[in-house]
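Asks: The amino acid sequence is not available; the structure is as follows:
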């Protein structure tokens, strides 16, 4: 008698033969296994008929008829696999051999995808990611255009104004505006990489915070300066040396070469910036070791970046090559007119207040130059095109950087969790000898002096540039420059005094007096107290930094006093042409609107 059963998966009812009672059959609709149970019997059924002979049941059970031969499972873990699968997606075993291949074994040992997959996957995946985030590319174009427009307008106003307060105001606006562009680059890179590491393909809504991006821009610039210091300490100085001696192309190439290591390590630093502890991303020696391991993926990202940025570089190159001289003449005329207004205003102020000892500036009574704003049209269009091309390039390369982080995660050494802070008392630290050795401190001081000198050089150049741009008062300029120049000797003096105090405690007043008249003696004795007093280690490290700083400054000064090889005049060189007669004027040197930066400006009148 047929038995009626119901599938629990698809709720389909069907009938089977009574021979299938107690067995499992496949559902005719969905193929799910269904257990066949006998129909309910009457309560009067004898108890003897309820029990079945188990041995007879197992002896008559035909398992081959119940086996689903259409299903394919892994011979090792029993996981269901597809018809076209060659490896088990669960355990990675080769279905034909029942063993794990060497490639799969290496992949599972890495606990992540293979690096080889990154090179082929990045092109299409990044393009698909860009297609899903077109709105973000449009926002990038708008934000970059607005920030750059505000920057150029602020620069124009800073040159146009001739009084210090408005020039300082517009200079501040220009600085904040231009910092928003690298800040947005940093923000997009870190956000895309963070979501890639979380295995998310869709970003949440990203809002633009102008002041946050300006702060991140300063962070980005500081990171570039920090990582460029070692290379620029050599290449930058040599480049400046060649430029100062007239070899501008060679000097520019040398300076650009100094930024190459920073560019190569940028894609490896960004993943660290997304972690709870970004310290390795700021340590050049740690990131350098990672770069040596992942040099091929890093160079591949740089290749993709340069290749996709060619339209942007083309627009910027066209602006500089074709319209560079016109733009330089335009802004020189703006500064020229500003200098005329400054000197004429100073003269009017002196006449109104009857200042007798007033000296007129060199631009009093001169005719302002005519400004032709039409030279700005084509460069502005090219700049907007550069922003238009740069927007999708930023999103595309950020995704490639995210894929690099995913595929190279085991080799990047990312710090995903903060370690527990353990307090160590001073007594225990002395027993355990925690801290660097004196020789390590000395090496840090000698190498760090190069960075201190280059950093002070950058600070001085920036200070002088700002002072010239805002026409800073001579007294304020002298005080600011003195504060920068006399800070290192003041620090060295403090270290010397602290060494004398320690010398007096350990060796007595006589040795302290000897250290006063003989600073090298105090310096040598100070290193002898480093093992006993960890605080003296810090003092001697700073003192060594200052000494290395001065030795490096003297070496650079000596280098710049030497001429470039080949620039000396040969002994058999022809004599120079005699000077022109007095009053003769070279037509090529006829005076035009002068650049105020090349002439001495008049003294500003005293405020009444």
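Replies: Now that the structure is in, tell me what you want to look at. Keep in mind that what you see is a predicted model, and the values were worked out from it rather than measured.

Asks: longest helix of this protein?
Replies: Using DSSP state H to define each element, the chain has its longest helix at helix 310-353.

Asks: What is that helix packed up against?
Replies: If you count contacts as 3 or more CB pairs under 8 Å, 6 or more residues apart in numbering; DSSP states H and E, helix 310-353 packs onto helix 134-160, helix 377-407. Every residue, glycine included, has its C-beta placed from N, CA and C.

Asks: Average the pLDDT values over stretch 285-294 and round to the nearest integer.
Replies: When pLDDT is averaged over stretch 285-294, the result is 89.

Asks: in that stretch, what's buried?
Replies: 287, 290-291, 294 (16 or more other CB atoms under 10 Å).

Asks: Now flag whichever of the residues you listed is closest to residue 545.
Replies: residue 287 (22.5 Å; CB to CB).

Asks: now residue 101: how far from residue 113?
Replies: 16 Å (CB to CB, to the nearest Å).

Asks: possible to save the helices and strands packed on helix 310-353 as TSV with distance to residue 223, mean neighbour count and mean pLDDT?
Replies: Formatted as TSV, the helices and strands packed on helix 310-353 follow (distance: least, CB to CB, whole Å; neighbours: other CB atoms under 10 Å; pLDDT from 0 to 100):
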stretch	distance to residue 223	mean neighbour count	mean pLDDT
helix 134-160	20	18	92
helix 377-407	15	21	93
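
Asks: want to throw the ones you listed into JSON lines with distance to residue 189?
Replies: Converted to JSON lines, the helices and strands packed on helix 310-353 look like this (distance: least, CB to CB, whole Å):
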{"stretch": "helix 134-160", "distance to residue 189": "12"}
{"stretch": "helix 377-407", "distance to residue 189": "5"}
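
Asks: Which one of those helices lies nearest to residue 262?
Replies: Among those, helix 377-407 sits nearest to residue 262 (CB to CB), with 15.1 Å.

Asks: Now do that closest one and helix 134-160, the angle between them.
Replies: Angle of helix 377-407 versus helix 134-160, following axes from the mean of the first three to the mean of the last three CA atoms, to 10 degrees, is 130 degrees.

Asks: between helix 377-407 and helix 310-353, how many degrees?
Replies: 130 degrees.

Asks: right, and the helices and strands packed on helix 310-353 - which one's nearest residue 274?
Replies: helix 377-407 (8.0 Å).

Asks: elements contacting that closest one?
Replies: Using 3+ CB pairs under 8 Å, 6+ apart: helix 377-407 touches helix 116-132, helix 134-160, helix 164-197, helix 260-273, helix 295-308, helix 310-353.

Asks: Tell me which of the ones you listed lies nearest to residue 448.
Replies: helix 260-273 (18.3 Å).

Asks: And that closest one, what's buried?
Replies: In helix 260-273, counting by 16+ other CB under 10 Å, buried: 261-273.

Asks: list the buried ones in stretch 439-451?
Replies: Buried residues in stretch 439-451 (16+ other CB under 10 Å): 441-442, 445, 448-451.

Asks: meant to ask about stretch 478-490, not that
Replies: Quick answer for stretch 478-490 (16+ other CB under 10 Å): 480, 488.

Asks: Stretch 343-361 now?
Replies: Within stretch 343-361, the residues that count as buried by 16+ other CB under 10 Å are 343-344, 346-347, 349-350, 358, 361.

Asks: Let me know the average pLDDT across it.
Replies: 82.

Asks: so how far is that stretch from its chain's centroid?
Replies: In terms of CA atoms, centre = their mean, to the nearest Å, the centre of stretch 343-361 is found 50 Å from the chain centre.

Asks: Can you say which two of the buried residues of stretch 343-361 are spatially most distant?
Replies: Counting by CB to CB, the most remote pair of these is 344 and 358, 12.7 Å apart.

Asks: which stretches of the stretch 401-550 of the chain aren't confidently modelled?
Replies: 419-436, 450, 454, 458, 462-463, 469-473, 475-476 (pLDDT under 70).

Asks: need the helices for it, in chain order.
Replies: Using DSSP state H, counting those that start in this stretch, the helices assigned to the stretch 401-550 of the chain run over residues 409-412, 426-432, 438-469, 474-485, 487-507, 509-517, 519-528, 534-560.

Asks: what's the burial count for residue 311?
Replies: Applying other CB atoms under 10 Å, we find 14 residues neighbouring residue 311.

Asks: All further residue positions should be reported with the first residue as 18.
Replies: Noted, 18 is the first residue going forward, which turns the last one into residue 328.

Asks: and the residue lying closest to it once chain neighbours are set aside, what is it in contact with?
Replies: Leaving aside its chain neighbours, residue 328 sits nearest to residue 406 (4.1 Å; criterion: CB to CB, 6 or more residues apart in numbering). Residues in contact with residue 406 (CB atoms under 8 Å, 6 or more residues apart in numbering) are 326, 328-329, 332.

Asks: Please repeat the previous calculation with a cut-off of 7 Å.
Replies: By CB atoms under 7 Å, 6 or more residues apart in numbering, the contact set of residue 406 is 328-329, 332.

Asks: do the same with residue 410
Replies: Residue 410 neighbours (CB under 7 Å, 6+ apart): 325-326, 329.

Asks: What distance do you get for it to residue 294?
Replies: From residue 410 to residue 294 the distance is 30 Å (CB to CB).

Asks: How about residue 365?
Replies: 61 Å.

Asks: One more: residue 456?
Replies: 28 Å.

Asks: What about the residue nearest to residue 280 when sequence neighbours are not counted, how many residues nearby?
Replies: Closest residue in space to residue 280, ignoring its immediate chain neighbours: residue 319 at 6.3 Å, by CB to CB, 6+ apart. Residue 319 is flanked by 17 other residues according to other CB under 10 Å.

Asks: Domain-wise, how is the protein divided?
Replies: With domains defined by automatic domain parsing, the chain comprises 20-57+68-83, 89-128, 133-426, 453-577.

Asks: out of the ones you listed, nearest to residue 432?
Replies: Comparing the domains of the chain by CB to CB, domain 133-426 comes nearest, at 4.0 Å.

Asks: helix or strand for residue 31, which one?
Replies: strand 30-33 (DSSP states H and E).

Asks: Distance check, the residue lying closest to residue 99 once chain neighbours are set aside against residue 333.
Replies: Sequence neighbours aside, residue 89 is the residue nearest to residue 99 in space, at 7.2 Å (criterion: CB to CB, 6+ apart). Distance, residue 89 to residue 333, using CB to CB: 58 Å.

Asks: out of the two, which sits in the more crowded spot?
Replies: residue 333 (16 against 13).

Asks: returning to that earlier point: any idea of the angle the longest helix of the chain forms with helix 312-325?
Replies: Using the same axes, to 10 degrees: helix 327-370 against helix 312-325 is 70 degrees.
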